[in-house]
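Engineer: predicted model follows, preceded by the sequence.
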Amino acid sequence: MTRTQRRMVGVTLLLLAAGGVWAWQQRVALQAFPDILGAFTAKEYCSCRYVMQRQAPDCRAYARQYVPITSLDDDVQQRRVEVQALGRRHVAAWQGPQWGCRLEPAAGP
């Protein structure tokens, strides 16, 4: 192995170790990310649809994320939105004109 190759291996190992330390320090935030994506989408879609009273295609575009969601179910009769994203399920429901939409407590996948 040449001197340049040894340096590259050393730098790579150093970067991997630094990345591991950073991931360990940020583990709480990284664990919360899957919940944030689905909850945000459910809440924003519900607010767009039932508070601002916009059409479904407009609200899908409004609540769209860079990370794709698995499903978005809009129950117009009950004014509830269920979003499945990154293995987590979140529901937002319209509470009335004074309260708008609210996330329901998380209930697993």
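Structural biologist: That came in fine, so what should we check first?

Engineer: alpha carbons only for contacts and neighbour counts from here, please
Structural biologist: Will do.

Engineer: all helices for the chain, in order.
Structural biologist: 3-25, 27-46, 56-62 (DSSP state H).

Engineer: what's the most buried one of those?
Structural biologist: helix 27-46 (a mean of 19; mean count of other C-alpha atoms under 10 Å).

Engineer: helices and strands around that helix, which ones?
Structural biologist: Judged by 3 or more C-alpha pairs under 8 Å, 6 or more residues apart in numbering; DSSP states H and E, the packing partners of helix 27-46 are helix 56-62, strand 80-85, strand 88-96, strand 100-103.

Engineer: again, only using 7 Å
Structural biologist: For helix 27-46, the packing partners by 3 or more C-alpha pairs under 7 Å, 6 or more residues apart in numbering; DSSP states H and E come out as strand 80-85, strand 88-96, strand 100-103.

Engineer: coming back round to it: relative to Asp73, which of the helices of the chain is closest?
Structural biologist: helix 27-46 (9.4 Å; C-alpha to C-alpha).

Engineer: give me the contact list for that closest one.
Structural biologist: Here helix 27-46 makes contact (C-alpha atoms under 7 Å, 6 or more residues apart in numbering) with 59-60, 63, 81-86, 88-94, 101-103.

Engineer: buried ones among the residues you listed?
Structural biologist: Among the contacts of helix 27-46, those classed as buried by 16 or more other C-alpha atoms under 10 Å are 59-60, 63, 81-85, 88-94, 101-103.

Engineer: that older thread, the helices of the chain: lowest mean pLDDT?
Structural biologist: Out of those, helix 27-46 stands lowest, with a mean of 85 (criterion: mean pLDDT).

Engineer: now the angle between strand 88-96 and that helix, please.
Structural biologist: Using axes from the mean of the first three to the mean of the last three C-alpha atoms, to 10 degrees, the direction of helix 27-46 lies 40 degrees away from that of strand 88-96.
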